[in-house]
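Engineer: A predicted structure for the sequence below; I have some questions about it.
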Amino acid sequence: MNCLRCGAPLLINETCSECGISDALMKKAVNTSNHYYNCALDKAYIRDLSGAVQDLLYALKYNKKNIDARNLLGLIYYEMGDVVEALSQWVISVNYKEEDNVASGYINEVKNNPTRLENTNQTIKKYNIALNYAKQGNKDLALIQIKKVLSICPNFVKGYLLLALLYMDIEQNDKARKALKRVLRIDHNNTLGVKYMQMLGGMGKNQNATRDDENSNESSREAIRRESYQRIKSEAMDAPLRPVGNYKENTNTKTNFIYLLIGLGLAMVIMWVLIIPNRVNNLDNKYKNLKVKYDDEIARKNAAIENLTAENETLAQEVSTLEGQAAGKEESDARVTVSQALLESSLYYQQGNKVEAAKALLGISRESITEEMELDFFDTVQAECNSFAANECYGLGIQAFEAQNYAETITQISYARSFGLVNADTLYYLARAYDLSGDIQKAKESYEQFVSEFPEDARTEEINGYLSGAQ
């Protein structure tokens, strides 16, 4: 048996003899990748394209050579209007498996339609222009550009999301809903589309909730007052009454004194049972009224403090946003340049023009690319095209030198060195082309570099003679 990762033979303990990875782990990874692919396939059938994309990315994370998953991911990107992402996936798929791969047919279908390629290029440019206008606050210009994008590519989900945001910002909610409905028809469970639709549908509810809270507070205060009144009334009605016996005139002094004491006791009882509780209840009622009043005052002041705090946070966010716009604009421009370079290189690569495919990526660093699929394409072009392009440019430079076309020699030899062909021959012809074209300063620098880097070369003595003449 062979390793599923690198194809090397397996050892007795079922580990790879080359990469050392356990065959059981690789099988588990392949099975997990296939599971996510099947989940994505089910979601794609019900047009849950966003969920399908996430599952396919997981599938490729476990097995980047899952051809079916990569081809399906390209189809979903194509359906959502991301033609560049779709082409990138299909190119990587064909690179992994050239024979019996449906991705070749997809690429040829796009390649054989020059109008579609041009529309794709225009879509990317105009969408990035609209995005920059939106970040700069030029909403009218952004709307014009994004409408042009959607007229070219009517299934471009990102374009409809940006259009909905712009309409929401200028409070044209009906048009924003229309754009979001278009997104959800293409991708039923698009996360941003559902979120924006919920934001549009929840505005009125928040206002009603605020009014309901105010009415509820007023009702609760009235209920407290009614409760206090009923409690006072019930306590007064339920107070115990002392029964009075039948009247009998009695002139006995001792008996009168006893009756007097009894009367005083009854008076004290009546005072404690009726008068004092009534006064206590009155004081309690006044205290509760004052408490309600002070609670209202505190609530108003707290609301004012919260409003001021919210305004302060809003101002701080605006300051942070303004500070980040400068850096964001530079990052956005750099991302536009990287995307355009990758698209141009992809088109040349599909046409078989390895030299132009490599030239399109000159000046693009690997660190400036954030997407894994774009990194895979960048590495593919670097591996397959740079060496070929270097030799081609070097040959063209020698032909131009022999034809005394020194400007073309400088251009082609410089390309060859940029592609990694850095040796004594390229530096020699570059220095001679500078000298013969009249650029003495660059010729002198190149001669000095040659003597420094290749002191043992047979042409060093000749170079020293040229360098003496240049001085």
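Structural biologist: The structure has been received and is ready for your questions. Residues are numbered from 1 along each chain as shown.
Engineer: can you report how many residues lie near Leu430?
Structural biologist: Other residues within reach of Leu430, judged by other CB atoms under 10 Å, total 24. Heads up, the C-betas are built off the backbone N, CA and C, glycines and all.
Engineer: isn't it up against Ser414?
Structural biologist: Yes. Counting by CB atoms under 8 Å, Leu430 touches Ser414, with 7.0 Å between them.
Engineer: check contacts around Gln350.
Structural biologist: Contact partners of Gln350, counting by CB atoms under 8 Å, 6 or more residues apart in numbering, are 87, 91, 107, 111.
Engineer: pLDDT score for the nearest residue to the last one once chain neighbours are set aside?
Structural biologist: Spelled out, it's Lys111. Excluding its sequence neighbours, the residue lying closest to Lys111 (CB to CB, 6 or more residues apart in numbering) is Gln350, at 5.4 Å. At Gln350, the model reports a pLDDT of 81.
Engineer: hmm, back to that, return the member of the contacts of Gln350 nearest to Lys97.
Structural biologist: Val91 (12.0 Å; CB to CB).
Engineer: how far off centre is the helix or strand hosting that closest one?
Structural biologist: Assessed by DSSP states H and E, Val91 sits inside helix 83-96. Remark: helix 83-96 is offset 22 Å from the chain centroid, using CA atoms, centre = their mean, to the nearest Å.
Engineer: just stretch 344-364 next, same as before
Structural biologist: Counting by CA atoms, centre = their mean, stretch 344-364 comes out at 28 Å from the chain centroid.
Engineer: gap between the two ends of it?
Structural biologist: One end of stretch 344-364 sits 12 Å from the other (CA to CA, to the nearest Å).
Engineer: buried stuff in it?
Structural biologist: By neighbour count on 16 or more other CB atoms under 10 Å, the buried set for stretch 344-364 is 344-350, 353-361, 364.
Engineer: just the buried positions in the helix holding Val91, please.
Structural biologist: For helix 83-96, by 16+ other CB under 10 Å, it's 83-95.
Engineer: what's the next helix or strand after that helix packed up against?
Structural biologist: Next in sequence after helix 83-96, counting helices and strands by DSSP H and E, comes helix 102-111. If contacts are counted by 3 or more CB pairs under 8 Å, 6 or more residues apart in numbering; DSSP states H and E, helix 102-111 sits against helix 67-79, helix 83-96, helix 114-136.
Engineer: closest to Thr321 out of those?
Structural biologist: Among the helices and strands packed on helix 102-111, if distance is taken as CB to CB, the winner is helix 114-136, at 9.6 Å.
Engineer: what's the next secondary structure element after the one helix or strand Phe257 maps to?
Structural biologist: Per DSSP H and E, Phe257 falls inside helix 253-270. Next in sequence after helix 253-270, counting helices and strands by DSSP H and E, comes helix 276-350.
Engineer: and that next one with helix 114-136, angle?
Structural biologist: Compare the direction of helix 276-350 with that of helix 114-136 by axes from the mean of the first three to the mean of the last three CA atoms, to 10 degrees and you get 140 degrees.
Engineer: what's Asn405 in contact with, if anything?
Structural biologist: No contacts exist for Asn405 under CB under 8 Å, 6+ apart.
Engineer: ok, now Asp169?
Structural biologist: Counting by CB under 8 Å, 6+ apart, Asp169 has contacts Lys139.
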